[in-house]
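A.B. asks: Quick one: sequence plus predicted model below, questions after.
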Amino acid sequence: MTIRKKILLFSVLALGAFLAAVYLVSRFALLNGFARLENNYVRENIHHLQNEMQNEQSRLEIMARDYAQWDRTYSFMETHDPDYVRTELTDDTFKIVRINVFALLDSSGRMAFHKNVGNWVLDESDLRAIAGVPDSAQPRRVDNSAMNGILELKGRLLLVAYQPILTSRGAGRPRGTLVMARELDGALVASLSRSVGSPLWLDTPEHAAGANSQRASWSDGTNSVRFDGEQSMLEHVPIKDFYGSTRRVLVARLPRELYAEGNTVMRYLLALLMVAGAIYCGALFFFLEEVLMARVATLSTKVTQVTVSGDLSLRLDPGGNDELSALAGAVNAMLAAIQKAKTELLQAQESLRFHAEHDSLTGVLNRRAIRDVLRRELARCRRERNTLGVILADVDHFKKINDHSGHGAGDAVLVSVVQRISATLRPYDIVGRYGGEEFLIIAPGCDLELTQKLAERVRTAVADEPIDLGNESVKVTLSSGVTLGTFESDPEFLVTAADAAMYQAKRNGRNRVETGLESVEVGEDLPAPAY
């Protein structure tokens with residue numbers, strides 16, 4: 001047998017074995033890889049859906065806390081002033097904020113006031129169910145602590161938030177519990193559907209249990225994903241009430257794009273290899289010795305380089321216009337898609353980190369983040385034996401702005417105040433929203449005199465020009481407390497000292513800067529002037 005025939009026979013056998021190996025690898029490795037990616041995708045989508053539900057609950061909790069920690073609510077629980085109900089608890093207000101149930105429980109858990117907005121009326125059993133949750137659902141909870149969860153009343157699911165009724169400073173002896181509820185209806189489900197980008201609907205636990213006959217794709221013991229044919233999957237996320245009972249199942253339909261893409265890529269790859277094999281057998285010596293092996297070696301080296309280095313920006317050189325070039329193009333397209341997905345994931349992670357550290361209204365650091373910055377700057381002071389200026393500024397009479405012009409105007413005032421403060425600060429100064437209308441400013445490298453001057457500039461920048469609210473303008477002033485941090489300072493002490501100085505500015509007439517350097521015990525009760 002000639003060498004040519006031996007090479008031809010060996011090539012045919014090798015080609016057959018190679019195609020069989022590629023088929024097996026594609027069948028079990030590639031499709032399994034796509035299946036793992038598909039499972040990761042649905043798991044992330046379930047987490048996204050759970051996060052959206054938690055965000056809805058968090059927004060309700062924040063709104064309930066705003067009403068519960070309000071001096072007017074606190075006073076109403078003692079005086080039962082009807083003016084509070086007439087002016088603050090209107091149907092229009094609740095429709096705007098999408099609240100269906102509002103209730104006030106006294107300190108003994110009895111219903112002191114209730115109001116509902118919607119197409120059904122609460123009866124005595126509904127009121128007893130609402131009032132009984134804090135005691136029966138979580139008997140071991142701390143008295144008057146906040147609670148959030150799901151409650152079913154006559155077939156309707158409600159997102160419910162319980163908040164202790166305190167003063168606007170979050171202090172004082174609780175005078176009961178405020179309850180706010182929002183119905184988990186079709187409109188809210190449609191909003192969630194737009195947020196997650198998938199069709200959503202609510203199903204009963206009994207009907208959803210029938211889906212167990214479908215082949216499972218993924219499950220964590222509570223949530224599950226099952227195949228709904230070859231083209232789609234169904235996600236099942238149980239919604240449990242305060243008592244741990246599953247009341248509904250949130251169902252989402254997801255297309256099986258990765259699975260379909262995996263089958264397509266596998267068939268395309270096998271077809272491409274078969275065509276390349278036929279060409280290879282027809283022009284054995286030319287492709288084997290001069291063209292094919294050299295190019296395959298080059299592509300293999302490049303793929304190995306991408307695999308070893310992990311650099312997804314590398315691309316294969318097509319080097320022509322044939323099957324191997326098409327394969328290189330397909331690999332390049334896959335690399336580009338993976339690189340794009342990785343970039344989008346990093347951007348999403350950065351976006352999540354940003355929103356976790358910044359106030360959603362003003363865009364500056366939130367309370368937790370600005371406190372972290374204060375601790376870091378104090379650590380730097382300890383290393384460099386430097387000082388640190390701390391300013392706590394509070395908007396004067398902010399409650400009057402909200403009461404007179406509405407919460408939307410109050411939000412606009414806060415945004416304008418932050419813009420004026422930021423424009424006044426140095427590039428390396430930091431400002432954060434410390435409370436509702438309180439802002440904490442950290443000025444690294446400042447002594448007490450410079451800090452006082454900076455606080456005065458901030459006060460002047462805010463007070464000089466009225467803030468335009470569209471139909472009217474309002475003059476806004478700040479009361480600021482200034483203190484100085486050193487390498488020996490405690491962050492809690494600094495904030496407390498600045499807070500005491502700020503309240504001194506309130507007592508001395510507002511729209512002024514006061515300095516606080518005396519020792520103030522953390523948690524010491526300070527008289528709070530009227531806002």
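C.D. replies: Sure, I can see it.

A.B. asks: can you give me the strands in the stretch 51-200 of the chain?
C.D. replies: Taking DSSP state E, counting those that start in this stretch as the test, the strands found in the stretch 51-200 of the chain are 101-105, 111-116, 147-153, 156-164, 177-183, 200-203.

A.B. asks: Tell me which of the ones you listed sits most buried.
C.D. replies: Across those, averaging neighbours per residue (mean count of other Cβ atoms under 10 Å) puts strand 177-183 on top, at a mean of 25. For glycine as for every other residue, the C-beta is placed from the backbone atoms N, C-alpha and C.

A.B. asks: show me what contacts Glu472?
C.D. replies: For Glu472, the contacting residues are Ser405, by Cβ atoms under 8 Å, 6 or more residues apart in numbering.

A.B. asks: distance of it from Val413?
C.D. replies: 12 Å (Cβ to Cβ, to the nearest Å).

A.B. asks: pLDDT score assigned to Phe286?
C.D. replies: At Phe286, the model reports a pLDDT of 63.

A.B. asks: so which of the strands of the stretch 51-200 of the chain gets nearest Ile46?
C.D. replies: Closest to Ile46 of these, according to Cβ to Cβ: strand 200-203, at 11.9 Å.

A.B. asks: The closest one pairs with which strands, and in what direction?
C.D. replies: Using DSSP bridges, strand 200-203 pairs in its sheet with strand 246-255 (antiparallel).

A.B. asks: Show me what secondary structure element comes after the partner strand.
C.D. replies: Counting by DSSP states H and E, the element after strand 246-255 in chain order, helix or strand, is helix 257-282.

A.B. asks: could you say what helices and strands that next one packs with?
C.D. replies: helix 3-25, helix 31-68, helix 323-357 (3 or more Cβ pairs under 8 Å, 6 or more residues apart in numbering; DSSP states H and E).

A.B. asks: average model confidence for the second one?
C.D. replies: Predicted confidence along helix 31-68 averages 85 (mean pLDDT).

A.B. asks: Return the set of buried residues in it.
C.D. replies: By 16 or more other Cβ atoms under 10 Å, the buried positions in helix 31-68 come out as 31, 34-35, 38, 41-43, 45-46, 48-49, 52-53, 56-57, 59-61, 63-68.

A.B. asks: and if you look at the shortest one?
C.D. replies: By neighbour count, and taking 16+ other Cβ under 10 Å as the criterion, the buried residues in helix 3-25 are 11, 15, 22.

A.B. asks: Can you add pLDDT and distance to Pro491 and give those residues back as CSV?
C.D. replies: Output for the buried residues of helix 3-25, formatted as CSV (pLDDT from 0 to 100; distance: Cβ to Cβ, whole Å):
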residue, pLDDT, distance to Pro491
Ser11, 70, 75
Leu15, 71, 71
Val22, 70, 62
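
A.B. asks: which one of those residues is nearest Ile370?
C.D. replies: Taking Cβ to Cβ as the measure, Ile370 lies nearest Val22 of these, at 57.5 Å.

A.B. asks: Tell me which of the strands of the stretch 51-200 of the chain lies nearest to Ser480.
C.D. replies: Ranking these by proximity to Ser480 (Cβ to Cβ) places strand 156-164 first, at 29.7 Å.

A.B. asks: Quick one: mean pLDDT over the closest one.
C.D. replies: Here strand 156-164 scores 92 as its mean pLDDT.

A.B. asks: Then stretch 224-244?
C.D. replies: On average, the pLDDT along stretch 224-244 is 83.

A.B. asks: Quick check: buried residues in that stretch?
C.D. replies: Under 16+ other Cβ under 10 Å, the buried positions of stretch 224-244 are 224-228, 233-237, 239, 241-242.

A.B. asks: any low-confidence regions in this structure?
C.D. replies: Along the chain, segments meeting pLDDT under 70 span 1-8, 26-27, 30-31, 137-144, 209-214, 258-259, 280-295, 319-320, 518-531.

A.B. asks: Geometric centre of it: which residue is closest?
C.D. replies: Nearest to the centroid of the C-alpha atoms of the chain, with distances taken as Cα atoms, centre = their mean, sits Leu352, at 5.7 Å.

A.B. asks: what's the distance between the closest residue in space to Ala276 that isn't next to it in sequence and Ala271?
C.D. replies: Nearest non-adjacent residue to Ala276, counting by Cβ to Cβ, 6 or more residues apart in numbering: Glu323, 4.4 Å away. Separation of Glu323 from Ala271 (Cβ to Cβ) stands at 9 Å.

A.B. asks: who has more neighbours, those two?
C.D. replies: Neighbour totals were compared for Glu323 and Ala271, and Glu323 leads with 18 against 11 (other Cβ atoms under 10 Å).

A.B. asks: Run a quick check on that one versus Gly277, I expect a contact.
C.D. replies: No - in this structure, Glu323 is not within contact of Gly277 by Cβ atoms under 8 Å, at 9.5 Å.

A.B. asks: Show me where the stretch 301-450 of the chain has its strands.
C.D. replies: Under DSSP E, counting those that start in this stretch, the stretch 301-450 of the chain gives strands at 388-395, 430-433, 438-444.

A.B. asks: Most tightly packed of those?
C.D. replies: Comparing these by mean neighbour count (mean count of other Cβ under 10 Å), strand 388-395 ranks first with a mean of 26.

A.B. asks: Pull that one out as PDB, backbone CA atoms only.
C.D. replies: These are the backbone C-alpha positions of strand 388-395, laid out as PDB (Å, rounded to 0.1, in the frame of the first residue of the first chain):
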ATOM      1  CA  LEU A 388     -11.000  66.500  60.100                       C
ATOM      2  CA  GLY A 389     -13.900  68.900  59.900                       C
ATOM      3  CA  VAL A 390     -17.400  67.500  60.400                       C
ATOM      4  CA  ILE A 391     -20.600  69.600  59.600                       C
ATOM      5  CA  LEU A 392     -24.200  68.400  60.200                       C
ATOM      6  CA  ALA A 393     -26.600  70.700  58.400                       C
ATOM      7  CA  ASP A 394     -30.400  70.500  58.700                       C
ATOM      8  CA  VAL A 395     -33.000  72.300  56.500                       C
END
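
A.B. asks: That one pairs with which strands, and in what direction?
C.D. replies: Paired neighbours of strand 388-395 in the sheet (DSSP bridges): strand 438-444 (antiparallel), strand 478-485 (antiparallel).

A.B. asks: Could you count how many residues lie near Arg385?
C.D. replies: So Arg385, with other Cβ under 10 Å, has 8 neighbours.

A.B. asks: er, Thr460 I mean
C.D. replies: 14.

A.B. asks: what does Pro427 give?
C.D. replies: Counted with other Cβ under 10 Å, the neighbours of Pro427 add up to 4.

A.B. asks: before we move on, the earlier item: redo the strands of the stretch 301-450 of the chain as TSV? Include distance to Thr79.
C.D. replies: Shown next, in TSV, are the strands of the stretch 301-450 of the chain (distance: least, Cβ to Cβ, whole Å):
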stretch	distance to Thr79
strand 388-395	26
strand 430-433	32
strand 438-444	27
